[in-house]
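Enquirer: any chance you can model this:
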Amino acid sequence: MAAVRATDTAPEMVVRRMVHSLGYRYRLHVRELPGTPDLIFPRHRKIIDVRGCFWHGHSCGRCRVPRTRRGYWRAKIERNSARDERTIRKLRRAGWRVLVVWECATVPAKRDALRRRILRFLERD
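Expert: Reported below is the predicted structural model:
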């Protein structure tokens, strides 16, 4: 697991390029915020968090529990999901709007829909 990246992952880079091409500028991985979110738009009080389907337990089908040590992996993914929920609650209580982008939404076939979703999120008040 030491080789698993926390920042600058391929899905995160897709989202960063997309947001930049829309003309928005952002900060990255602000440690002062709960959960160290991926993209932060301080002036708009908005956050985009990019999550890996496997590590965060998304129900898209990409999250298959490994055959070995199933108990460990199920518990780990459940802890990650619970932590994600707590983090989003803290951010919202602090006045931030949060958009979660799942890894499966960054595949080339779904990028147009993702682009529209991000644009709607960033444009609304």
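
Enquirer: name the SS class of residue 73, please.
Expert: helix (DSSP: H, G, I helix; E, B strand; the rest coil).

Enquirer: name the helix or strand of the chain that has the lowest mean pLDDT.
Expert: Lowest on mean pLDDT, DSSP states H and E among the helices and strands of the chain sits helix 53-56, with a mean of 89.

Enquirer: for that one, packing partners?
Expert: Applying 3 or more C-beta pairs under 8 Å, 6 or more residues apart in numbering; DSSP states H and E, one finds that helix 53-56 contacts helix 70-93. C-beta coordinates here come from the backbone N, C-alpha and C atoms, glycine included.

Enquirer: tell me which residues of the helix it packs on are tucked away?
Expert: Neighbour counts over helix 70-93 (16 or more other C-beta atoms under 10 Å) mark 73, 77, 80, 84, 87, 88, 91 as buried.

Enquirer: what helix or strand is residue 17 on?
Expert: If you go by DSSP states H and E, residue 17 is part of helix 10-21.

Enquirer: partner strands of the next helix-or-strand element following that helix and their direction?
Expert: The helix or strand immediately downstream of helix 10-21 is strand 27-28, counting by DSSP H and E. Using DSSP bridges, strand 27-28 pairs in its sheet with strand 39-41 (antiparallel).

Enquirer: how close does residue 80 sit to residue 123?
Expert: Residue 80 sits at a distance of 30 Å from residue 123 (criterion: C-beta to C-beta, to the nearest Å).

Enquirer: tally of neighbours for the nearest residue to residue 42 once chain neighbours are set aside?
Expert: Spatially, and ignoring its direct neighbours in sequence, residue 42 is nearest to residue 27 (6.4 Å; C-beta to C-beta, 6 or more residues apart in numbering). Neighbour count for residue 27, taken as other C-beta atoms under 10 Å: 13.
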